[in-house]
Structure formats: C-alpha cells, structure tokens
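*Asks:* below is the sequence, then the predicted model.
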Amino acid sequence: MHRVPSLLVSIAPVIALSMLAGCREPASEPSPAPPASACAPPSSSFAWIAVRPASEASPEEYPARLLRTSASEAVVVPPLPARLVSLAVRPGDTVSQGDPIARVVMPEIDVALATLTGADSALAILRRRRTQLGLLERERLVQASEVAAVDLEIARHSADRLRASAVITGAGISRGGTIVLRSPIAGVVTEVPATLGELRRPEDGPIARVRSRVGQRIEATFPARPAEGATYSFRSAAGSAPIALVNQVPAPTGLGYLAWFEPPAGAEMPAAAEGRVLVHSPAGAGTWLVPATAVGARGPGRFVVARTRSGAGAALVPVELVRVANADAIVRAALPEGALVASDPARGEGLVDGGARP
C-alpha cells in the first residue's frame with residue numbers, strides 16, 4: 001500500500017521533462033535568401049527609348065471652315081428687269097460652264113439700243129450741219145443763235161448716247177430681242193426659284209443657283225506660323241481629303257495666323273461647312289519622333305542623350321525642335337535609325353563618354 005506513492009514520486013521528474021519538451025516549438029527551417037535581383041540597385045534611373053520616324057506622330061488639329069468662292073457657287077441673275085420666256089434647267093441638272101439656263105427679254109436693253117442707234121444718226125447729221133454753219137459764221141452770214149441751237153442739239157444727243165451706252169455696257173449685252181442667260185460655272189443646279197412669264201428684277205433674286213463640286217477654299221486659324229514642309233488634310237463628318245497651303249497672314253487679332261487651303265485641282269471636297277485641318281509633320285530624312293521629356297535645353301539650343309542598341313557609351317546630340325505633339329516631340333537631328341534616347345536627359349548626360357555622336 002505504501003509503494004505506489006513512492007513510485008509516483010520517482011517518475012514525476014521524468015513526466016515533467018517530457019511535458020516541457022512537448023511544449024517547445026519545433027526548430028524552424030531557415031528562410032530562403034531573397035534573390036539577388038531584388039536587393040541589387042537598379043541599373044539606371046531612366047529608360048532608353050527607341051526613336052521613331054516623324055511620320056508616326058499624331059497630327060495637329062485645328063478648327064476650320066469651308067469657304068464658298070466664285071469658282072464653287074454662282075447665281076444666274078438678269079442684269080436688268082427681264083421677262084422670263086423659257087427655262088432650260090431644273091434642280092438637280094448638271095451643267096457645264098456656258099450652258100443655257102433661261103431665255104428672257106429685257107425691254108430696257110431694247111430701248112437703250114434704239115436710243116444709241118438714233119443718237120449716232122442724229123449726231124452724224126448735226127455735226128455736218130455744224131461744219132457748214134462754221135463756214136457761214138466766219139463770213140457773218142448766219143446768226144449766232146442758229147449756231148447755238150445746233151450745238152445744243154449735239155450736246156443733247158451726245159448725252160442720250162452716253163446714257164444708252166452705260167446701260168448696254170453695264171448689262172454686258174450687245175444685242176436686243178431674246179437673250180440667253182448662261183451658267184457662269186460648271187456644276188449642279190440646286191435652285192430654280194423662277195416662274196415662266198414673270199417679270200424678274202435683279203433685286204428679286206436669282207433665276208437659278210449653280211453649285212460646283214470643286215473650287216472651295218478652307219480657312220483655319222493656327223497658334224503659330226504653319227511649319228515648312230508639313231502636309232495637310234481636311235476632315236469633317238462627311239469624310240477627308242488632302243489639301244495644300246495657299247497662303248497665310250497674321251490674324252487681325254494679333255493672336256496666331258490665318259491660313260487658307262485648297263484641294264488638288266479637280267478634287268472634290270467633303271460636303272460640310274465645318275471640319276478640322278490636320279497638320280502632318282515633315283517626315284523627311286533626319287526627322288524623328290522622341291519623347292518630349294527626352295529633349296533637354298542648354299541655353300537657346302536643344303539636345304538629346306543618345307546611344308545605339310549595341311553601343312555601351314552615350315553621346316549628347318544637338319537637335320532642332322520642330323514641334324511638340326502631345327507627349328512626343330518631333331526633332332531634326334543626326335541620329336542613326338534604331339538609336340535610343342534617354343528619357344531623362346539630365347541623368348543620361350552623366351553617361352556621356354566624350355561627346356562622340358552615336
């Protein structure tokens with residue numbers, strides 16, 4: 001009966017040691033070392049970016065409007081009140097320059113022609129009579145009042161002749177009767193707001209309106225003088241077409257330039273009153289597209305830090321800044337195709353090894 005407690009006392013230290021051993025955490029395995037690339041400092045604090053041809057640059061865009069000109073739209077209007085005898089066209093008809101539009105009679109032209117003819121005849125007779133009277137006047141065989149009366153008639157018929165000539169010259173018509181009014185341009189007849197038999201006055205508006213598919217001009221305002229060597233196009237909701245710069249002047253406001261464009265000869269423009277002029281930068285040899293941040297400034301000059309793909313060194317290359325296009329810059333520089341430029345020229349300049357060109 002007394003042996004059990006003594007046995008418990010003897011094994012108690014062993015049980016306690018076992019419990020302590022079970023409570024200890026197992027020894028953890030050593031964690032793997034981080035890769036060397038994660039600990040190593042970056043090779044540079046900027047990027048090397050390949051240059052691209054300037055033709056890949058996004059074009060600049062400026063609001064523009066299509067202008068009607070004498071070559072793109074014309075009206076047929078009688079120069080004097082005219083009675084409409086016949087119409088030769090209807091809306092939608094295609095006409096060539098000089099095609100008949102309407103036939104009219106103009107009473108004022110008939111009167112002017114008759115007055116001109118009568119004045120010429122009367123003046124011929126009166127001048128002969130004046131010559132005869134001049135001979136008699138020297139011999140005192142004619143009264144001065146008779147000579148004065150002939151001079152007065154000559155003056156009156158001369159005035160009639162001048163008025164008739166002015167009407168005929170102003171109308172641009174040299175004969176009377178039925179007169180044919182013709183289309184000033186080639187195009188499509190868009191309106192014929194006239195009625196047969198009516199007396200049409202110039203202030204009543206045109207007998208017909210003709211619109212050409214060509215001959216328009218485009219006007220746009222630029223913030224700066226258009227770049228030399230650039231190409232242009234006009235874009236609207238109706239489509240796009242190439243255009244050429246015709247002329248440019250400083251804007252009347254003093255801000256920017258007004259520029260005018262036209263399509264190639266015979267080319268049709270999109271049927272829209274407004275659109276945008278797209279400026280495509282020069283894409284000749286030596287013109288490149290680089291990040292705008294890659295262009296550094298030193299005094300009045302500009303430069304990039306460049307190297308070739310295979311070269312280890314870098315060079316500082318002077319550039320001419322053509323324009324900035326969004327996040328890119330278009331530059332002229334002696335860079336080889338495939339060259340790389342530093343995105344940060346200030347930091348890249350520290351790698352320049354002697355300044356040689358890449």
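*Replies:* Structure's in. What do you need?

*Asks:* residue 147 belongs to a helix, doesn't it?
*Replies:* Yes. Looking at residue 147 with DSSP: H, G, I helix; E, B strand; the rest coil, it is inside a helix.

*Asks:* tell me where the model's unsure across the stretch 51-200 of the chain.
*Replies:* In the predicted model, the stretch 51-200 of the chain carries no residue with pLDDT under 70.

*Asks:* in it, which spans are helices?
*Replies:* Secondary structure of the stretch 51-200 of the chain (DSSP state H, counting those that start in this stretch): helices located at 107-138, 144-171.

*Asks:* could I get those as TSV with distance to residue 54 and mean neighbour count?
*Replies:* Where C-beta positions appear, they are placed from N, C-alpha and C, glycine not excepted. As requested, the helices of the stretch 51-200 of the chain are arranged in TSV below (distance: least, C-beta to C-beta, whole Å; neighbours: other C-beta atoms under 10 Å):
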stretch	distance to residue 54	mean neighbour count
helix 107-138	63	15
helix 144-171	56	14
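
*Asks:* now tabulate the ones you listed in JSON lines and tack on distance to residue 245.
*Replies:* Rendered in JSON lines, the data for the helices of the stretch 51-200 of the chain read as follows (distance: least, C-beta to C-beta, whole Å):
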{"stretch": "helix 107-138", "distance to residue 245": "45"}
{"stretch": "helix 144-171", "distance to residue 245": "38"}
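
*Asks:* measure the residue nearest to residue 161 when sequence neighbours are not counted to residue 160 for me?
*Replies:* Taking C-beta to C-beta, 6 or more residues apart in numbering, and ignoring the residues beside it in sequence, residue 161 has residue 119 as its nearest neighbour in space, at 3.7 Å. In this structure, residue 119 and residue 160 are 5 Å apart, going by C-beta to C-beta, to the nearest Å.

*Asks:* and for residue 199?
*Replies:* Here residue 199 is placed at a distance of 25 Å from residue 160 (C-beta to C-beta).

*Asks:* likewise residue 75?
*Replies:* From residue 75 over to residue 160 (counting by C-beta to C-beta), the distance is 32 Å.

*Asks:* can you list the domain ranges for the chain.
*Replies:* Following automatic domain parsing, one finds the domains of the chain at 48-54+285-351, 60-70+215-280, 74-105+177-211, 107-173.

*Asks:* for the third one, measure first residue to last.
*Replies:* Across domain 74-105+177-211, the terminal residues are separated by 6 Å (C-alpha to C-alpha, to the nearest Å).

*Asks:* the residue nearest to residue 161 reaches residue 157, doesn't it?
*Replies:* Yes. Taking C-beta atoms under 8 Å as the definition, residue 119 is a contact partner of residue 157 at 4.6 Å.

*Asks:* quick check: neighbours shared by those two?
*Replies:* With contacts defined as C-beta atoms under 8 Å, 6 or more residues apart in numbering, no residue is shared by residue 119 and residue 157.

*Asks:* from the centroid of this structure, which residue is nearest?
*Replies:* residue 277 (4.4 Å; C-alpha atoms, centre = their mean).

*Asks:* neighbouring strands for the helix or strand harbouring that one, and are they parallel or not?
*Replies:* Following DSSP states H and E, one finds residue 277 within strand 274-280. Here strand 274-280 has these sheet partners by DSSP bridges: strand 60-67 (antiparallel), strand 231-236 (antiparallel).

*Asks:* between the ones you listed, which gets nearest to residue 115?
*Replies:* strand 60-67 (42.4 Å; C-beta to C-beta).

*Asks:* what sits against residue 302?
*Replies:* The contact partners of residue 302, by C-beta under 8 Å, 6+ apart, come to 295, 296, 318, 319, 320, 321, 331.

*Asks:* thank you kindly, that will do.
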